[in-house]
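**Student:** got a sequence here, can you model it:
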Amino acid sequence: MRLILVVCALSSAWVVDAQLLRYEGKIHFGTDGHDQQPHSKILLGSDGHDQKPHGQKLLGVDGHDQRLHSQALLGGDGHDQRQHSQALLGADGHDLRSHGQKHFGVDGHDQQPHGQVLLGGDGHDQQPHGQVGNGPRELSHTHMFKGFMKKYNKAYNSQSEFKKRFSIFRQNLKKIHILQQSERGTAKYGPTKFSDLTEHEFRRMLGLRPDLKPTLSQMEPAEIPSEEIPSSFDWRDHGIVTPVKNQGMCGSCWAFSVTGNVEGQWALKHKHLYSLSEQELVDCDKTDEGCNGGMPENAYEAIAKLGGLETENDYPYEAKDDQCHFNETKVKVTVNGSVELPQNEDDLARWLVKHGPISIGINANALQFYVGGVSHPLRFLCNPKSLDHGMLIVGYGVHTTKYLHRRQPYWIVKNSWGPDWGEQGYYRVYRGDGTCGVNQMATSAIVP
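**Tutor:** Numbers count the residues shown, from 1 in each chain. Predicted structure coming up:
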């Protein structure tokens, strides 16, 4: 973590007073008692302290500080704890040492150089940095929560529900902080429309179910093209990706991942882009479990057995389980098999450029609070073996950081949480090291 706690503790042997200083009961500095009384006017001491010219003006109305002190003097403001070249602020000694590294306060006080005095309205410099005052933080969190409610049109039906969601929101801010502090890419994490959900509630709406994978796979291994590919590619620029959809509070991500893949496959081969029905799969794919989750592999087989997919308009999405009312006469697209792609991400890119968007499984741990940028969380925060969400790779690219010029290759991944999430409904995730398991479950339908 990049948090650094600065603590400048004064020895308990010192008794600090603005008007005098004693050390274990003994008087220091001047045999004439010069230092034992207020300095509201000039005092002349028999030790000559105030009778000499001084090299340069420093501090003190009586000239007391116009020469070096053989021993340190302690004032309530830390004035004499270091050389007097610059002012010191903060009763906690926060500013009594140089800021070689950043420190973080809730008001951003430590996020910029101390070339000039910074005062936080929350009393940031008047208390120890072991903890932040509850009052200002509570007010800040309340303000953030109300802003969150307004932005996402949130409403709660009772005061108790409001308090519950506010408490969850505050706990989620801690998770956001951990993700942000440990992020290796350029991703930004913050409050999203899912920030008032517990982890359990959030995971219920994901829906990828590896436990439903069949014992004997029907998928064929994909053939990987050998042609050279461009440094970046995006199928959205070629008219074979439908607008971002929204699965709602139903664990049907697997169905959206599959329809997105089939839409692209059909459009690439038949030059016509249909928006296909996820609800048909939720209702009619009996191997999978509708809003309780499913697997793309099962869905491809279900489409083949049913006889095809209807369009979104003919079989609209309801975000809940319903009776199957599939109408074969309204089928627009058919599927006659599926392929499994390799885990090598260079091979995935080569296949994608030639054959279209790829259905994938991914660990969604970083997604609940993803706002934008190239996401590259630490492995222990996003286990590549724990896949729980279905998505669709539609392209790839390379981001170069502004100052250090670090190259960050990424996948462009379509999600099914609406355009008000992430980057207009899309997620950029680091490409090349299996981040969050992006390469672990890559598949595609085969269309006739």
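**Student:** only C-alpha atoms from now on, for both contacts and neighbour counts.
**Tutor:** Will do.
**Student:** may I see the buried residues of the longest strand seen in the chain?
**Tutor:** The longest strand of the chain (DSSP state E) is strand 389-400. Neighbour counts over strand 389-400 (16 or more other Cα atoms under 10 Å) mark 389, 390, 391, 392, 393, 394, 395, 396, 397, 398, 399 as buried.
**Student:** equivalent analysis for stretch 262-275, please.
**Tutor:** 262, 263, 264, 265, 266, 267, 268, 273, 274, 275.
**Student:** pretty sure the first one contacts residue 445?
**Tutor:** Yes. The pair residue 262 / residue 445 is scored as a contact, 6.2 Å apart, by Cα atoms under 8 Å.
**Student:** what's the most distant pair in the buried residues of stretch 262-275?
**Tutor:** With Cα to Cα as the measure, no two of those lie farther apart than 268 and 275, at 13.7 Å.
**Student:** coming back round to it: okay, now the sheet partners of the longest strand of the chain, with direction.
**Tutor:** Here strand 389-400 is paired, per DSSP bridges, with strand 233-234 (antiparallel), strand 358-362 (antiparallel), strand 407-414 (antiparallel).
**Student:** can you list contacts of the shortest one?
**Tutor:** Residues outside strand 233-234 that contact it (Cα atoms under 8 Å, 6 or more residues apart in numbering) are 353, 394, 395, 396, 397, 412.
**Student:** can you tell me which of the residues you listed lies nearest to residue 306?
**Tutor:** residue 394 (26.6 Å).
**Student:** so how far is residue 411 from the residue nearest to the closest one when sequence neighbours are not counted?
**Tutor:** Nearest residue to residue 394, sequence neighbours excluded (Cα to Cα, 6 or more residues apart in numbering): residue 357, at 4.6 Å. For residue 357, the distance to residue 411 equals 11 Å [Cα to Cα, to the nearest Å].
**Student:** next: residue 303.
**Tutor:** 27 Å.
**Student:** same question, residue 334
**Tutor:** From residue 334 to residue 411 the distance is 28 Å (Cα to Cα).
**Student:** more neighbours, the two?
**Tutor:** Between residue 334 and residue 411, counted using other Cα atoms under 10 Å, the more crowded position is residue 411 (26 against 21).
**Student:** beta partners for the closest residue to that one other than its chain neighbours?
**Tutor:** In space, and not counting its chain neighbours, residue 411 is closest to residue 396: 4.3 Å by Cα to Cα, 6+ apart. Judged by DSSP bridges, the bridge partners of residue 396 are residue 233, residue 411.
**Student:** what sits up against the host helix or strand of residue 202?
**Tutor:** Assigned by DSSP states H and E, residue 202 falls within helix 199-204. Identification of contacts with helix 199-204 by Cα under 8 Å, 6+ apart yields 194, 249, 250, 251, 292, 368, 388.
**Student:** cool, stretch 309-321 as well?
**Tutor:** By Cα under 8 Å, 6+ apart, stretch 309-321 touches 247-250, 252, 274-280, 282-283, 290-291, 303, 326-328, 330-334.
**Student:** how far does that stretch stretch from start to finish?
**Tutor:** First-to-last residue span, stretch 309-321, Cα to Cα: 17 Å.
**Student:** what's the pLDDT at the closest residue to residue 349 other than its chain neighbours?
**Tutor:** Once flanking residues are discounted, residue 349 sits nearest to residue 396: 7.5 Å by Cα to Cα, 6+ apart. Listed pLDDT for residue 396 reads 98.
**Student:** so residue 396 makes contact with residue 426?
**Tutor:** No. Here residue 396 lies out of contact with residue 426, judged by Cα under 8 Å, at a distance of 12.0 Å.
**Student:** what residues are shared contacts of the two?
**Tutor:** With Cα under 8 Å, 6+ apart, residue 396 and residue 426 have common neighbours residue 412.
**Student:** skip the chain neighbours and tell me the closest residue to residue 332.
**Tutor:** Spatially, and ignoring its direct neighbours in sequence, residue 332 is nearest to residue 310 (5.7 Å; Cα to Cα, 6+ apart).
**Student:** next, count neighbours for that neighbour.
**Tutor:** Counted with other Cα under 10 Å, residue 310 comes out at 26.
**Student:** phi, psi of it?
**Tutor:** phi -80, psi 170 (degrees, to the nearest 10).
**Student:** gap between it and residue 276?
**Tutor:** Counting by Cα to Cα - residue 310 and residue 276 are separated by 6 Å.
**Student:** against residue 413, how distant is the closest residue to residue 409 other than its chain neighbours?
**Tutor:** Nearest residue to residue 409, sequence neighbours excluded (Cα to Cα, 6+ apart): residue 398, at 4.1 Å. Separation of residue 398 from residue 413 (Cα to Cα) stands at 14 Å.
**Student:** buried stuff in the helix holding residue 202?
**Tutor:** In terms of neighbour count (16+ other Cα under 10 Å), helix 199-204 has its buried residues at 202, 203, 204.
**Student:** going by distance to residue 224, which of the residues you listed wins?
**Tutor:** residue 203 (33.7 Å).
**Student:** any weak-confidence spans in the stretch 1-150 of the chain?
**Tutor:** 1-139 (pLDDT under 70).
**Student:** can I see the domain layout of this structure?
**Tutor:** For the chain, automatic domain parsing gives the domain ranges 134-184, 200-445.
**Student:** any residues in contact with both of residue 357 and residue 411?
**Tutor:** 393, 394, 395.
**Student:** ok, so of those residues, who is nearest residue 343?
**Tutor:** Checking these against residue 343 with Cα to Cα, the nearest one is residue 393 at 13.6 Å.
**Student:** could you find the closest non-adjacent residue to the closest one?
**Tutor:** Using Cα to Cα, 6+ apart, the closest residue to residue 393 is residue 413 (4.3 Å).
**Student:** mind listing the strands for this structure?
**Tutor:** So, for the chain - with DSSP E - the strands run 14-16, 21-23, 26-27, 188-189, 220-221, 233-234, 338-340, 358-362, 370-372, 374-375, 389-400, 407-414, 426-430, 443-445.
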